[in-house]
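*Asks:* prediction below, plus the sequence it came from.
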Amino acid sequence: MNDNRRDLEDGGAMPEIETLERDARTDAGKPTAITVVIPAFNEEDAVAAEVRHLNDVLGKSGLRYEIIVVDDGSADATAERAEAEDCRLIRQPRNMGYGAALKRGFREARSELVVITDADGTYPAEEIPTLVAEAGSYDMVVGARIGDNVHIPLERRPAKWFLRVLASYLAGFKIPDLNSGLRVIRRAHVRRFAHILPNGFSFTTTITLALLCNDMSVGYHPIDYKKRIGNSKIRPSHAYRFLLLILRVMMLFNPLKIFLPLGAVVGAVGVAKLIYDIRLRNLSESAVMCLIAALLIWCVGLLADQNSRLGMDRETWD
């Protein structure tokens, strides 16, 4: 077993998370202890090589670390391949989703700083020490897939661009990569928003918007993105789900970004129709209805904004 991992596991006991967090800032304010969480579903062809590569990279980094593979009810030999490597295997009783596997990994993590990555060999493990070093200045650091060698299928790029632009507008922050699966985040932030984090692929989108809409700092570091090993689990229908998710999250944190422009559009139609009616010396019902609808939309938006500011600081596990 790698010596750096042994630091976290000597004697079968693990220091308290608070102790690890304190230790993680002894090196000139830079974190030195991490947990790497890898959700895996039917990744028998890639998971073992990914764990070995992570151990090789992190073993040379000087970081204290542990690697957790969460097998999300795989129907192939994913669990067996991972168990044979230098990592901690956690098995989900059934396939519960990408987000559910990540949340299980965060609950089981024995350090406060957590790195998430995929089991399919797409993300560069070499960038993790850099991301961890930058985590001392941000609440979350994301590996943004905007490097020189990025392999994203062309058919997915229009939908990804539209969702990224929409999310950037709603969050009030330019988001280079909305749902990258390589990022470093503190366990406490996931615990805070656990009640809204979905069990599916939109986990990363949700935590990004949750942090940005609550005035937390998110840093982006350019990375490459390789062609995956095996078949992708993302389907075209997921784009629609991501769109609904973005709107739902914004309704939770910043509903005025939706209601104000919507009411403005309806109100503008009403005003234009009113001006037209005045020229004809005839006030139509449609102009009145549009103006009333705009006022109602704004009123609902104000109520939604008031509700969004209440009761968001909850924790769902100890």
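*Replies:* Received it, and whenever you're ready, just let me know what you need. Numbers count the residues shown, from 1 in each chain.
*Asks:* need the helices for this structure, in chain order.
*Replies:* 3-9, 17-23, 47-59, 78-83, 98-108, 128-134, 157-171, 187-192, 203-213, 237-253, 256-279, 285-308 (DSSP state H).
*Asks:* out of the ones you listed, which is closest to Ala119?
*Replies:* helix 47-59 (4.4 Å; CB to CB). (Glycine included, C-beta is placed from N, CA and C.)
*Asks:* which neighbouring elements make contact with the closest one?
*Replies:* If you count contacts as 3 or more CB pairs under 8 Å, 6 or more residues apart in numbering; DSSP states H and E, helix 47-59 packs onto helix 3-9, strand 33-40, strand 64-71, helix 78-83, helix 128-134.
*Asks:* my guess is Tyr98 meets Phe201, correct?
*Replies:* Yes. Judged on CB atoms under 8 Å, Tyr98 makes contact with Phe201 at a distance of 4.9 Å.
*Asks:* the more surrounded of those two?
*Replies:* Relative neighbour count places Tyr98 above the other of Tyr98 and Phe201, with 25 against 19, counting by other CB atoms under 10 Å.
*Asks:* worst average pLDDT in the helices of the chain?
*Replies:* Set side by side, the helices of the chain differ in mean pLDDT, and helix 17-23 is lowest with a mean of 42.
*Asks:* now Arg241. Nearest residue, chain neighbours left out?
*Replies:* Spatial nearest neighbour of Arg241, chain neighbours left out: Ser202 (6.5 Å); criterion: CB to CB, 6 or more residues apart in numbering.
*Asks:* any idea how far the one you found is from Asn179?
*Replies:* Distance of Ser202 to Asn179, computed by CB to CB, to the nearest Å: 7 Å.
*Asks:* which parts of stretch 280-290 are buried?
*Replies:* Of all the residues in stretch 280-290, those buried under the rule 16 or more other CB atoms under 10 Å are Ala287, Cys290.
*Asks:* so how far is it off the chain centroid?
*Replies:* Going by CA atoms, centre = their mean, to the nearest Å, the spacing between the C-alpha centre of stretch 280-290 and its chain's C-alpha centre is 47 Å.
*Asks:* and Ile297, how far from Asn214?
*Replies:* Remark: distance between Ile297 and Asn214 (CB to CB) = 25 Å.
*Asks:* between those two, who's got more neighbours?
*Replies:* Under the criterion of other CB under 10 Å, the comparison of Ile297 against Asn214 puts Ile297 first, with 20 against 15.
*Asks:* show me what contacts the more buried one?
*Replies:* Contacts for Ile297 were tallied using CB atoms under 8 Å, 6 or more residues apart in numbering; they are Phe259, Leu262, Gly263, Val266.
*Asks:* weed out the non-buried ones from those residues.
*Replies:* With burial judged by 16+ other CB under 10 Å, the buried subset of these is Phe259, Leu262, Gly263, Val266.
*Asks:* quick one: the second one and Leu252, what's the gap?
*Replies:* From Leu262 across to Leu252, the span is 17 Å (CB to CB).
*Asks:* what's the closest non-adjacent residue to the most centrally placed residue in the chain?
*Replies:* With distances taken as CA atoms, centre = their mean, Thr204 lies nearest the centre of the chain, 1.7 Å away. What sits nearest to Thr204 in space, not counting adjacent residues and going by CB to CB, 6+ apart, is Asn179, at 4.6 Å.
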